[in-house]
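> can't give you the sequence, but here's the structure:
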């Protein structure tokens, strides 16, 4: 499903308007970019805070503001149910170079837990994280969230081809690979990328939230764990998370391999 992804767009390029993009998106996802009804569920709260966020570094070089139009686009399709409505989306880390719609969202590392009284509301779950902490913030380690329907489908197809198992084996047992030295170098590089991801995630937090995270014991997962909260740097989790990290930063080896696989598939389809 969906075509291969384009390489990350030039961060200095102008972001195209989403006006007129409905036809293309509808052909890929079965929906359009029309603004939803006024009572549609919001993807995240605090629009003013989201638009003014600044991580203070250049790790995500092509980030752009997360606008009301972006939020409306996300709310207009079924993927709005997959994105926790308690998340604080702070920026768009990567946009589609063709129509300007979000490809990757950058999410704040803490989110409010659900209210148990609202747990029957559509899109909520009593068992997500721990409702016993009430409304106090809890970790959200998935800093970069892939939200393009076509790319989600394409990367999902790669998972079904067994690429998670293949990449896990390469990192965990490099000596079994045809080129052990290259595999070991890849494993070291991947571990460094996990560390940079964690460092960026921690720097996203305000000083007040860093203090709170340390007090609650959340600093281990937010400051030390890698992509998606992984504690083992040799582990490959969901390809969507790694690919989102790659599109946002260009700094994820597994995401780069996903891009290569998508490009190869596109080349075969075009031939």
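Done, it's in. Everything numeric in this text was worked out from a predicted model, so none of it was measured.
> from here on, contacts and neighbour counts on C-alpha atoms
Fine.
> would you state the strands of this structure in chain order?
Using DSSP state E, the strands of the chain run over 64-65, 89-95, 102-107, 110-112, 137-139, 144-146.
> in TSV: the ones you listed, plus mean neighbour count.
Converted to TSV, the strands of the chain look like this (neighbours: other CA atoms under 10 Å):
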stretch	mean neighbour count
strand 64-65	18
strand 89-95	27
strand 102-107	25
strand 110-112	21
strand 137-139	18
strand 144-146	26
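> dump those strands to CSV, plus distance to residue 257 and mean pLDDT.
Below are those laid out as CSV (distance: least, CA to CA, whole Å; pLDDT from 0 to 100):
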stretch, distance to residue 257, mean pLDDT
strand 64-65, 25, 95
strand 89-95, 18, 95
strand 102-107, 18, 95
strand 110-112, 29, 88
strand 137-139, 28, 90
strand 144-146, 16, 95
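> relative to residue 165, which of those strands is closest?
Among those, strand 144-146 comes nearest to residue 165, with 20.7 Å by CA to CA.
> show me what that closest one packs onto, helices and strands only.
Secondary-structure packing of strand 144-146 (3 or more CA pairs under 8 Å, 6 or more residues apart in numbering; DSSP states H and E): strand 102-107, helix 239-249.
> returning to that earlier point: same list, the strands of the chain, but as CSV with distance to residue 218 please.
Output for the strands of the chain, formatted as CSV (distance: least, CA to CA, whole Å):
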stretch, distance to residue 218
strand 64-65, 27
strand 89-95, 20
strand 102-107, 16
strand 110-112, 9
strand 137-139, 7
strand 144-146, 19
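> nearest to residue 172 among these would be which one?
strand 144-146 (24.5 Å).
> which neighbours in the sheet does the closest one have, and how are they oriented?
Strand 144-146 sits in its sheet next to strand 102-107 (antiparallel), going by DSSP bridges.
> measure residue 271 to residue 85 for me?
Distance from residue 271 to residue 85, counting by CA to CA, to the nearest Å: 42 Å.
> neighbour count: the two, which is higher?
Legend: neighbour count by other CA atoms under 10 Å for residue 271 and residue 85, higher for residue 85 (19 against 6).
> ok, for residue 213, nearest residue in space, not its chain neighbours?
Spatial nearest neighbour of residue 213, excluding adjacent residues (CA to CA, 6 or more residues apart in numbering): residue 219 at 5.3 Å.
> now swap in residue 249 and tell me
If the residues on either side of it in the chain are set aside, residue 249 comes closest to residue 60, at 5.2 Å by CA to CA, 6+ apart.
> quick one: residue 148 and residue 100 touch, right?
No - taking CA atoms under 8 Å as the definition, residue 148 is not a contact partner of residue 100, at 11.0 Å.
> can you list residues touching both of those two?
With contacts taken as CA atoms under 8 Å, 6 or more residues apart in numbering, residue 148 and residue 100 have no neighbour in common.
> quick revisit: closest one to residue 266 among the strands of the chain?
Across these, residue 266 has its closest neighbour in strand 102-107 (18.3 Å, CA to CA).
> tell me the angle the closest one makes with helix 239-249.
Per axes from the mean of the first three to the mean of the last three CA atoms, to 10 degrees, the angle that strand 102-107 makes with helix 239-249 is 90 degrees.
> ok so, going back, any idea how far the residue nearest to residue 213 is from residue 203?
Relative to residue 203, and taking CA to CA, residue 219 is found at 12 Å.
> give the buried residues for stretch 253-267.
Within stretch 253-267, the residues scored as buried using 16 or more other CA atoms under 10 Å are 253, 254, 255, 256, 257, 258, 259, 261, 262, 263, 266.
> shaky segments in the stretch 1-150 of the chain?
For the stretch 1-150 of the chain, the stretches with pLDDT under 70 are 1-57, 78-82, 114-134.
> repeat that with 80
Within the stretch 1-150 of the chain, the segments meeting pLDDT under 80 span 1-57, 77-86, 113-135.
> returning to that earlier point: farthest pair in the buried residues of stretch 253-267?
Maximum pairwise distance in the buried residues of stretch 253-267, criterion CA to CA, is 19.9 Å, between 253 and 266.
> so which of the buried residues of stretch 253-267 is the closest to residue 159?
Nearest to residue 159 among those: residue 258, at 9.7 Å, using CA to CA.
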